[in-house]
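Undergrad: Sequence plus predicted model, see below.
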Amino acid sequence: MSIGVLFVCLGNICRSPTAEAVFKKRLADHAWLGAQVHVDSAGTGAWHVGHSPDPRSIAAAQKRGYDLKSLRARQTCTEDFSRFDYLLAMDHNNLSHLKQIAPQGFKGQLELFLRYSAGNQTEVPDPYYQSGDKGFYDVIDLIESASEGLIDVLEKRLG
């Protein structure tokens with residue numbers, strides 16, 4: 001059995017590629033699980049399709065040991081609902097967009113990513129328009145926490 005996880009934000013250059021890289025690295029620590037989980041990221045908008053993640057995201061991730069350099073932005077599409085079991089949005093606006101394009105009868109998990117976090121925050125804030133780098137590090141903190149929670153769920157599901 002294989003499980004697909006898609007992380008979704010607005011442009012696929014800050015939050016969702018960070019989530020993809022963090023989650024892939026965390027999966028590597030669970031070799032048997034990593035072999036059974038396919039991970040990707042996408043954006044609900046098309047502005048950055050084909051572009052690398054934001055340089056500030058790349059730099060913050062690199063300082064924490066994550067590599068975003070090889071990732072390229074893409075837009076969500078209806079095929080994602082057949083390729084992925086978990087479509088995890090970074091905020092309510094992106095979740096709403098996913099619900100609008102979800103095919104009738106989609107049986108996977110369509111929810112906010114931070115549902116898997118131990119914290120009380122529900123959305124991963126978009127650091128794109130923030131001044132300074134702090135927002136990018138805050139994003140990583142939130143994603144690391146939610147990644148651990150999601151890994152626990154997947155281990156139980158595939159265990």
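TA: In hand now; what should we look at? Keep in mind that what you see is a predicted model, and the values were worked out from it rather than measured.

Undergrad: From here on, just use CA atoms for contacts and neighbour counts.
TA: OK.

Undergrad: Now do the longest helix along the chain: which elements does it pack against?
TA: Counting residues, the longest helix found in the chain (DSSP state H) is helix 134-158. Contacts defined by 3 or more C-alpha pairs under 8 Å, 6 or more residues apart in numbering; DSSP states H and E place helix 134-158 against helix 15-28, helix 31-34, helix 55-63.

Undergrad: List of residues touching that helix?
TA: 1, 14-15, 18-19, 22-23, 26-27, 33, 56-57, 60-61, 113-119, 124-127 (C-alpha atoms under 8 Å, 6 or more residues apart in numbering).

Undergrad: average pLDDT across that helix?
TA: Throughout helix 134-158, pLDDT has a mean value of 96.

Undergrad: now the angle between helix 15-28 and that helix, please.
TA: 50 degrees (axes from the mean of the first three to the mean of the last three C-alpha atoms, to 10 degrees).

Undergrad: tilt between helix 134-158 and helix 55-63?
TA: Going by the same axes, to 10 degrees, helix 134-158 is angled at 60 degrees with respect to helix 55-63.

Undergrad: that older thread, is it possible to mark the buried ones in the contacts of helix 134-158?
TA: 14-15, 18-19, 22-23, 26-27, 33, 56-57, 60-61, 113-117, 124-127 (16 or more other C-alpha atoms under 10 Å).

Undergrad: list the buried ones in the lowest-mean-pLDDT helix or strand in the chain?
TA: The weakest-scoring helix or strand in the chain, judged by mean pLDDT, DSSP states H and E, is helix 31-34 (a mean of 87). Going by neighbour count (16+ other C-alpha under 10 Å), the buried part of helix 31-34 is 33-34.

Undergrad: After it, which helix or strand is next? Please name it.
TA: Sequence-wise, the next helix or strand downstream of helix 31-34 (DSSP states H and E) is strand 37-43.

Undergrad: Measure how buried the closest residue in space to residue 37 that isn't next to it in sequence is and give me the count.
TA: Distances taken as C-alpha to C-alpha, 6 or more residues apart in numbering place residue 3 nearest to residue 37, at 4.8 Å, with adjacent residues excluded. By other C-alpha atoms under 10 Å, the residues close to residue 3 number 18.

Undergrad: Cool, thanks, signing off.
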